[in-house]
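Engineer: sequence first, predicted coordinates after that:
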Amino acid sequence: MNLKKPKFWDYNKPNIFAYFLYPFALLIKLLSFLNSKKNKKKVKIKTICVGNIYLGGTGKTSLSIKINDLLKKRNIKSCFIKKFYKNQFDEQKLLENEGKLFLSTRRLNAILKAEDEGYEVAILDDGLQDYSIDYDIRFVCFNNFNWKGNGMTIPAGPLREDFINIKKYENIFLNGNLENLNDIKKEILNINPNINIHIGKYEVLNLEEFNKEDNFLVFSGIGNHNTFIEMLKNYGLSIIKDIEFPDHHSYTNKEIDKIIENAVTLNCKVITTEKDYFRLESKNKNKINYIKSNLKIIDEDKLLKTII
């Protein structure tokens with residue numbers, strides 16, 4: 001069962017609930033520290049890990065696909081690596097549509113299989129906190145709409161590790177709301193002045209399929225629902241109602257039927273994300289439209305130099 005993240009995780013500063021959970025966060029950090037001391041395996045194939053510190057909704061999969069596209073254009077044989085989780089078949093499907101995907105319950109096993117099959121570069125969608133692998137290149141992804149939330153680690157906040165740990169990474173990727181970048185860049189560079197900062201934003205590819213005179217009901221079960229809503233509003237779509245589900249939510253027919261009923265009552269058309277659409281099995285699926293989006297890198301040459 002997937003759970004929605006607590007709202008207090010994304011407050012600007014910790015509240016009483018965060019401080020109450022802080023002792024549990026310390027215990028998890030201790031276990032993570034001990035785990036990080038294990039020996040790392042260095043593989044022959046080049047490894048690019050696209051991960052995050054903030055839990056969910058940071059654009060890892062989109063950046064992984066973009067990196068793969070850049071490598072393919074230069075005839076570099078690249079593939080995707082992803083740890084197998086039953087509830088993440090939506091992301092798995094997206095990656096399979098874009099290239100070769102190796103799945104395993106252990107990322108190292110998937111990497112070694114890719115190596116055996118002659119691939120030159122392995123792009124890992126998630127895995128920064130997998131300390132069994134010595135990665136060649138690492139990206140820490142953030143959505144600067146929520147940034148680092150209240151700044152505390154799980155379960156007191158949304159961070160998988162302390163934010164100050166960005167000092168050990170080589171690259172940060174920012175996507176989402178681009179208006180507050182200067183303050184965010186300053187905060188990053190104060191901790192790690194040598195880190196490469198990459199910036200991207202999402203573009204809608206099938207906007208012509210939607211009439212701006214219509215009203216829309218929007219639902220999603222992704223890591224950052226608010227960013228999706230803001231993107232649609234920025235493109236001039238009229239959002240009458242939006243419904244947020246937990247990340248990687250498995251929709252029931254009853255839930256989809258209720259969404260359709262709400263849309264009929266409000267005289268709205270229904271929109272969701274491409275990832276969510278892949279998870280739908282309802283007979284009403286044909287009554288739902290989905291947004292095709294593309295991640296645009298602000299400085300693609302800079303990204304290319306980093307990964308080549």
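Structural biologist: Cool, got the structure. Residues are numbered from 1 along each chain as shown.
Engineer: leaving out chain neighbours, which residue sits closest to Lys287?
Structural biologist: Nearest non-adjacent residue to Lys287, counting by C-beta to C-beta, 6 or more residues apart in numbering: Ile260, 5.6 Å away. All C-beta atoms are positioned from the backbone trio N, CA, C, and that covers glycine.
Engineer: buried residues in the lengthiest helix in the chain?
Structural biologist: In the chain, ranked by residue count with DSSP state H as the criterion, the top helix is helix 16-35. Of the residues in helix 16-35, Phe17, Ala18, Leu21, Tyr22, Ala25, Lys29, Ser32 count as buried by neighbour count, 16 or more other C-beta atoms under 10 Å.
Engineer: where do the helices sit along the chain?
Structural biologist: Counting by DSSP H, the helices of the chain are 16-35, 60-73, 89-98, 107-116, 181-191, 225-234, 253-266, 274-278, 300-307.
Engineer: what residues does the first one touch?
Structural biologist: Outside helix 16-35, the residues that touch it by C-beta atoms under 8 Å, 6 or more residues apart in numbering are 6, 8-9, 11, 14, 129, 131, 150, 152-157, 161-162.
Engineer: could you give me the PyMOL selection string for whichever of these are buried?
Structural biologist: To isolate the buried ones among the contacts of helix 16-35 in PyMOL, judged by 16+ other C-beta under 10 Å, type:
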select buried, resi 6+8+9+11+14+150+152+153+154+155+156+157+161+162
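Engineer: show me which pair in the contacts of helix 16-35 is furthest apart.
Structural biologist: Maximum pairwise distance among the contacts of helix 16-35 (C-beta to C-beta): 30.0 Å, between Tyr11 and Tyr131.
Engineer: how close does Leu181 get to Lys66?
Structural biologist: 19 Å (C-beta to C-beta, to the nearest Å).
Engineer: an error on my part: the question was meant for Lys83.
Structural biologist: Lys83 is 20 Å from Lys66, by C-beta to C-beta.
Engineer: and the two? Which one has more around it.
Structural biologist: Lys66 (24 against 18; other C-beta atoms under 10 Å).
Engineer: just checking, that one touches Leu295?
Structural biologist: Yes. Between Lys66 and Leu295 a contact is recorded at 5.2 Å, counting by C-beta atoms under 8 Å.
Engineer: which neighbours do these two have in common?
Structural biologist: Common neighbours of Lys66 and Leu295 (C-beta under 8 Å, 6+ apart) are Gly200.
Engineer: thinking again about what came up before, make CSV out of the buried residues of helix 16-35 and add pLDDT and distance to Lys40.
Structural biologist: Below are the buried residues of helix 16-35 laid out as CSV (pLDDT from 0 to 100; distance: C-beta to C-beta, whole Å):
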residue, pLDDT, distance to Lys40
Phe17, 96, 36
Ala18, 97, 32
Leu21, 97, 30
Tyr22, 97, 30
Ala25, 97, 25
Lys29, 93, 20
Ser32, 91, 15
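Engineer: could you dump those into a markdown table with distance to Asp125 added?
Structural biologist: Converted to a markdown table, the buried residues of helix 16-35 look like this (distance: C-beta to C-beta, whole Å):
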| residue | distance to Asp125 |
| --- | --- |
| Phe17 | 31 |
| Ala18 | 29 |
| Leu21 | 28 |
| Tyr22 | 30 |
| Ala25 | 26 |
| Lys29 | 24 |
| Ser32 | 20 |
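Engineer: and Ile81, how far from Leu178?
Structural biologist: From Ile81 to Leu178 the distance is 29 Å (C-beta to C-beta).
Engineer: more neighbours: those two, which one.
Structural biologist: Ile81 (30 against 14).
Engineer: can you pull out the strands in the stretch 151-300 of the chain?
Structural biologist: Using DSSP state E, counting those that start in this stretch, the strands assigned to the stretch 151-300 of the chain run over residues 171-175, 196-204, 215-220, 238-244, 269-273, 288-291, 293-297.
Engineer: could you export the fifth one as PDB, CA atoms only?
Structural biologist: It refers to strand 269-273. Coordinates of each C-alpha in strand 269-273 appear next as PDB, following Å, rounded to 0.1, in the frame of the first residue of the first chain:
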ATOM      1  CA  LYS A 269     -12.600  16.700 -19.200                       C
ATOM      2  CA  VAL A 270     -10.200  14.400 -17.400                       C
ATOM      3  CA  ILE A 271      -6.400  14.700 -17.600                       C
ATOM      4  CA  THR A 272      -3.700  12.600 -16.000                       C
ATOM      5  CA  THR A 273       0.100  12.000 -16.500                       C
END
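Engineer: give me the helices and strands touching it, please.
Structural biologist: The contact analysis (3 or more C-beta pairs under 8 Å, 6 or more residues apart in numbering; DSSP states H and E) places strand 269-273 against strand 215-220, helix 253-266, strand 288-291.
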